[in-house]
Structures are given as structure tokens and as C-alpha cells.
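Enquirer: test case, fold it:
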Amino acid sequence: MTTPQFNHSVEAQHHRIDADEWDDIYVVGDVHGCLRELKTLVDRIGPSDDDLFVFVGDLVRKGPDSKGVVDFVRAHDNMVTIRGNNEEKLLRGTKELPELTTEDLAWIRSLPVAISFEDALVVHGGVDPRKSLEAHDVDDLLEMRSLSSGYERPFWWEKHDGPQTVFFGHTPIADPVIREHAVGLDTGCVYGGSLTAYSWYDETVLELETDRTVQHRPASKFVTPRMPVLQ
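Expert: Coordinates of the predicted model:
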């Protein structure tokens, strides 16, 4: 078991989970206010109270019901989430969601930027394989994508070789990224794609196709993973 080691500023916002306390752990991609799809996915999984859901951040913005998603996650003791860059925008005042209460924003402010269990690390954007975890700051974990710029390859997960298996969202992908040390789960639910969960114990992908497009995003803005899904 390899416990992530962060610098002091990030470590204070890192939450460690004991996987032995849960029957299964489902890591869920970016929800972006799509409450209907989230509820449907959870119903299809049919979890018990001893199954944990870990969200990769970006519960809010872009979709139709950010408040509903926040309320839903807050109401369940077996659901935890990290902050995504869209939660961070609310805290920094660059974006607003008037429907969220002061208590909602205080809860968002309390969220970690990293969750780990066993050899798994959940962050929103990713990690930079060119430097140690101790050298990462909050913005790295929230926004990491390309090792060059924008959507230019290589992406960080194409070069990351462990030791942690990093679960991430942030970058809309045409299909889940399933690599030995990286699992990408933002399959663009709010853009007409799907909402994806990954069962950590079973190593299986559960993908809910949506029947609506809340925000249009051209196909060219979805990344197609180069590596096939591992069997």
C-alpha cells in the first residue's frame, strides 16, 4: 500500500479512506448538475449502505440542477467528493450559483482536493508525472490535463506510471480511460454523453447513457483514449 505524500498545503486538504470499511467503492465521473442521471445510475447500481461513492468533483455548474446534486450527495453518508475546478470557481468568486445556500458553499469549502484509499488516488484534473506529489499544488490537482498545453497530446495519464492508480475527471473523453495507473471517468454526461462509475473492487465500468444534451460540445472537444480498455 502506497500512501500519497503531499506538501503541507495540499496534505491539509487530503482525505484518506479505509477501504476495509466498505463492501465496494464506486468512483463516479463529473455530474455537472445532472441530478436525474445521477439518481438513475445509483438506482441501477443498487448500493447498500456499506457501499461508498467517491465523486471526482464538478458536481456543479453547466447542468440543470446543481443544487439538487449537492443536496443529494450531502444527504448520503456513503457519498464523498473532492472539489473540482467548478467548485473552486465558486469559492474564488469567478462564477456564481445563486441557488446554492451559504451552508452549501461552506460545505464545498470544506471538501478535500484529494481522496485516497489503498493504492488509489482520486483527484479532479490529474497529476504531473514529471514531478513528485509533494511538488503539486491545488491548481495542479484541479486542472492538470496536457503535458503541453490545452488539449494537445501527450496527456498526463499517457505518461503516468504510478505508483498510485489515479482516478480523475475534468477532461471530457469519448470512452473511459482505463489504464494500469490511471482511470478517467468524465464521459461528458452534461454534453449528451454518459455518466460513468467504476467499481474499485470488481474493476468494472458502469456507464449510463443520457437521452439529453444540456450543453452542446463538438465531438472534436472530446478526447479519444489511445489505449483500449483493459479486459
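Enquirer: now the residue most central in space within the chain. Nearest residue, chain neighbours left out?
Expert: Among the residues of the chain, the one closest to the centroid is residue 56, at 1.6 Å (CA atoms, centre = their mean). Residue nearest to residue 56 in three dimensions, not counting chain neighbours: residue 169, with 3.7 Å by CB to CB, 6 or more residues apart in numbering. C-beta coordinates here come from the backbone N, C-alpha and C atoms, glycine included.
Enquirer: look up phi and psi at the one you found.
Expert: phi -130, psi -130 (degrees, to the nearest 10).
Enquirer: show me the shaky parts of the chain.
Expert: Low-confidence segments of the chain, defined by pLDDT under 70, are located at 226-231.
Enquirer: gap between whichever helix in the chain runs longest and the chain center?
Expert: Counting residues, the longest helix in the chain under DSSP state H turns out to be helix 35-45. For helix 35-45, the gap between its own C-alpha mean and the chain's C-alpha mean amounts to 16 Å (CA atoms, centre = their mean, to the nearest Å).
Enquirer: buried residues in it?
Expert: By neighbour count with 16 or more other CB atoms under 10 Å, helix 35-45 contains the buried residues 35, 36, 37, 38, 41, 42, 45.
Enquirer: any chance of those residues in JSON lines, with distance to residue 22 too?
Expert: Converted to JSON lines, the buried residues of helix 35-45 look like this (distance: CB to CB, whole Å):
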{"residue": "35", "distance to residue 22": "24"}
{"residue": "36", "distance to residue 22": "26"}
{"residue": "37", "distance to residue 22": "23"}
{"residue": "38", "distance to residue 22": "19"}
{"residue": "41", "distance to residue 22": "18"}
{"residue": "42", "distance to residue 22": "15"}
{"residue": "45", "distance to residue 22": "13"}
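Enquirer: ok, of these, which one's closest to residue 160?
Expert: If you rank the buried residues of helix 35-45 by distance to residue 160 using CB to CB, residue 41 comes first, at 26.6 Å.
Enquirer: what's the closest non-adjacent residue to the closest one?
Expert: Among residues not flanking residue 41 along the chain, residue 208 sits closest, at 4.5 Å (CB to CB, 6+ apart).
Enquirer: right, I'll leave it there.
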